[in-house]
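1. I'd like to go over a predicted model; first the sequence, then the structure.
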2 protein chains.
Amino acid sequence: VIDDLAEARQRDANDPCGQFRARFSLPEDVVYLDGNSLGALPVATKAVLDDAVARQWGRDLVTSWNRNGWMDVPQRIGDRIASLIGAKPGEVIVTDSVSINIFKLLTALIRLRPGRRTILSEAGNFPTDAYVASGVADMLGLNLRLAERDGVLAALDDDCVALLLTHVHYRTGARFDMAAVNAAAVERGIPVIWDLSHSVGAIPLNLHEMGSEYAVGCGYKYLNGGPGAPGFVYVAGSKQAVLRPALQGWMGHHAPFDFTDEFFPGQGMQRFRTGTPPILSMLALESGIAAFDGVDMAALWRKSVELFTYFATLMTKNCPEFRLVTPADPMQRGSHISFAHRDGWPINNALIARGVIGDYRHPDILRFGLSPLYTGFADVWRAVDALADIMRSGEWRRPEFSVQSAVT
Amino acid sequence: VIDDLAEARQRDANDPCGQFRARFSLPEDVVYLDGNSLGALPVATKAVLDDAVARQWGRDLVTSWNRNGWMDVPQRIGDRIASLIGAKPGEVIVTDSVSINIFKLLTALIRLRPGRRTILSEAGNFPTDAYVASGVADMLGLNLRLAERDGVLAALDDDCVALLLTHVHYRTGARFDMAAVNAAAVERGIPVIWDLSHSVGAIPLNLHEMGSEYAVGCGYKYLNGGPGAPGFVYVAGSKQAVLRPALQGWMGHHAPFDFTDEFFPGQGMQRFRTGTPPILSMLALESGIAAFDGVDMAALWRKSVELFTYFATLMTKNCPEFRLVTPADPMQRGSHISFAHRDGWPINNALIARGVIGDYRHPDILRFGLSPLYTGFADVWRAVDALADIMRSGEWRRPEFSVQSAVT
């Protein structure tokens, strides 16, 4: 025993956010620390989907587009997300995926600044962001420049048509100073697109206060929307009217059922819609977001900070061979904790075999998500206990842990 | 009584495809003739989703990407669709929506023909096709030309970079002669993108035999995938390697979990993937397609033809004031039947109030989908009986039927 499990349990008992764990269906024999990759299943989601399938689809059939409000689902869920990120109603819409929403924002912003030729992003950013930006740049004959993280602000120049950054880094958990980046970019007339995939639902966000005008985010991580849940896109109200994404689908038309040959963009965020929305995945996402009802995001973040500190402290004491790569300062990070170890791959597989599910990120990162709605202190204790035991016993050297393929 | 319901029931009893209706959960008090807009709920889908939610997501959590094959779902379902449309394994992938998949094909094809400046499509094509093409044209400084239906072939010229057509027209049900169009376009080196939304799952398709190289299609109509189910994209094997869609997401990378900064397109159709696939909506689609297991598409089409003839005959006799707008020749149409009437809007609303669900398309079309997996002759009889009664009684003139908004 590396520490006192009873003490971890006592922390859970005293946790003001502890009550929310009951909103999730978690397997008893698993310590789940990968909610930053795939959020856990909310208990309520089964009934939501049963109703969506049996009553709305099965019984009401196509009339559900009106009768059950399917047409408005992307905006309705968008408004719920808006309340989590300090945006106003009508500023967020749920549609497509993070990748596709980045594409829409980039093409719309580039159109407004025809003289500028460089999209700027971070080297080592989450790949889809760089891939989308590179596809846009190739198509339009622009340049994509990937600056090192600490050189991003210095790379802003008058050729820059947009800056695309992930708020919290998917590997290290490092967080950009959103307000400072916005201020530096705005000074040069450069719009910033924030990818909130690893921050929304985990850390308090107030996009307006931070001066953020454009953002996208993911529904299946801290928002608990289910595997591949739709993403969202945010545009500050004052910036919406002039944007024309290159991706124009019929649901983005101002009156889709007029079936005109010519495209007239919908009001506000409606123009960011494209095809018919995947209603089942959308309603599962809404149920995931409903798990935040009545939750104080500041209290949730305090819990995340405590989980992080507890995790780091236990690791220092029991697994000193792991190097913490996530910034210790809470203001400089998100809600996961990452450690480097050159044998991270087999070690992570050994953890999974023991029912401790975090994930591995190339080349040497063990990443553990702290989802404060349901992650408890006893989870953290169990994870470190298992890890210490795996290292002590050399269990991770078993051949099957080096060859096994795991995608998380 | 306009005809003999018992006779319609006898037709159903003799129908070799009649057994398949039991694969669907249809409300008893409804005559559902809108499967070309939203396919009915397969009985098996509830169990598929229960398993996807409770076991795969809830219990196996993020390990499901491997353990339950989530990574391969888009290709696995694509292969099932391939077998319905005369394509080979590896030629179809399920991803995103029809709109977005058209965008990918157009941008990839335009890239290969830099000298050509005109995208050609049909005036009055399903709007999303024209909207996507117009967005692409605006972005790249190309022209979008919408030719009248009977002038499409004559409009093919050496400036044409791609021809985008919907195989079966969403309003009239008229079908293009796929082989003839392909032959005419290929002669001029013009690739044809076929939108199969209103044909896949309804009429026998053999894309290779017809000389079709590029296609997209919809999952929520005759494939019964549920509201907003993902779409698919087809590229003939020999054409795949040179295509580079402008939309590059991480799931389209040749090794997504290498997390490289640079994008290397995946093998074959993998490069048409973008973000993380919406697994719940995907598995519902797979269940919808499974409803075709063991079904002879030729027999299904024969039934569709019989339903159409029966519908048209009953209408001529009992509702002569409606003008059939769908071509009578089976080779020139899909699997829905459309009638024009200047009061189509209130008449359709009166039908819906009686539980007969077809739909209305501006400006004067009543459209009835014949989904031969579950539509029966008695359904057709009941629909025409209700329509005749509505016309005879003048019930459709009730004020609520003129103002009510119905989106189908």
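-> The structure has been received and is ready for your questions. Residues are numbered from 1 along each chain as shown, chains lettered A, B, ... in the order given.

2. and A:M331, what is it in contact with?
-> A:175, A:177 (CB atoms under 8 Å, 6 or more residues apart in numbering or on different chains). In this view, the C-beta of every residue, glycine as well, is placed from N, C-alpha and C.

3. mind checking how far it is from A:D364?
-> Taken as CB to CB, to the nearest Å, the spacing of A:M331 relative to A:D364 amounts to 26 Å.

4. cool, and A:K88?
-> When distance is defined by CB to CB, A:K88 is 42 Å away from A:D364.

5. can you check A:A255 too?
-> Taking CB to CB as the measure, A:A255 and A:D364 are separated by 54 Å.

6. Kindly report the same for A:G237.
-> Plainly put, A:G237 is 43 Å away from A:D364 if you go by CB to CB.

7. A:N36 too?
-> 18 Å.

8. Check A:P327 too.
-> Applying CB to CB, the value for A:P327 to A:D364 is 18 Å.

9. With A:T375 instead?
-> To A:D364, A:T375 is 23 Å away according to CB to CB.

10. So those two - more neighbours on which side?
-> A:T375 (28 against 18; other CB atoms under 10 Å in any protein chain shown).

11. which residues does that one contact?
-> Applying CB under 8 Å, 6+ apart, one finds that A:T375 lies in contact with A:32-33, A:35, A:307, A:369.

12. Put together a markdown table for these, with secondary structure, neighbour count and pLDDT on each row.
-> Compiled in a markdown table, these are given as follows (DSSP: H, G, I helix; E, B strand; the rest coil; neighbours: other CB atoms under 10 Å in any protein chain shown; pLDDT from 0 to 100):
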| residue | secondary structure | neighbour count | pLDDT |
| --- | --- | --- | --- |
| A:Y32 | strand | 24 | 98 |
| A:L33 | coil | 28 | 98 |
| A:G35 | coil | 30 | 96 |
| A:L307 | helix | 24 | 98 |
| A:G369 | strand | 27 | 98 |
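
13. Tell me the secondary structure at A:L163.
-> In the three-state summary, A:L163 is assigned as strand, counting by DSSP: H, G, I helix; E, B strand; the rest coil.

14. what about it, how many neighbours?
-> 27.

15. quick one, what contacts it?
-> The contact partners of A:L163, taken as CB under 8 Å, 6+ apart, are A:120-121, A:152, A:156, A:181, A:185, A:190-193.

16. Let me see the backbone angles for A:L41.
-> Here the main-chain torsion angles of A:L41 (degrees, to the nearest 10) amount to phi -80, psi 120.

17. neighbours around it, how many?
-> Using other CB under 10 Å as the criterion, A:L41 is surrounded by 24 other residues.

18. separation between the closest residue to it other than its chain neighbours and B:W70?
-> Once its chain neighbours are removed from consideration, A:L41 has its nearest residue in B:G58; the separation is 3.9 Å (CB to CB, 6 or more residues apart in numbering or on different chains). To B:W70, B:G58 is 14 Å away according to CB to CB.

19. do stretch A:185-201 and chain B meet at all?
-> No: judged by CB under 8 Å from any CB of the partner chain, stretch A:185-201 and chain B are separated, with a smallest distance of 10.3 Å.

20. again but with stretch A:290-299, I slipped
-> No: applying CB under 8 Å from any CB, one finds stretch A:290-299 out of contact with chain B, separated by at least 13.7 Å.

21. how far is that stretch from where the chain is centred?
-> For stretch A:290-299, the distance from its own C-alpha centre to the chain's C-alpha centre is 17 Å (CA atoms, centre = their mean, to the nearest Å).
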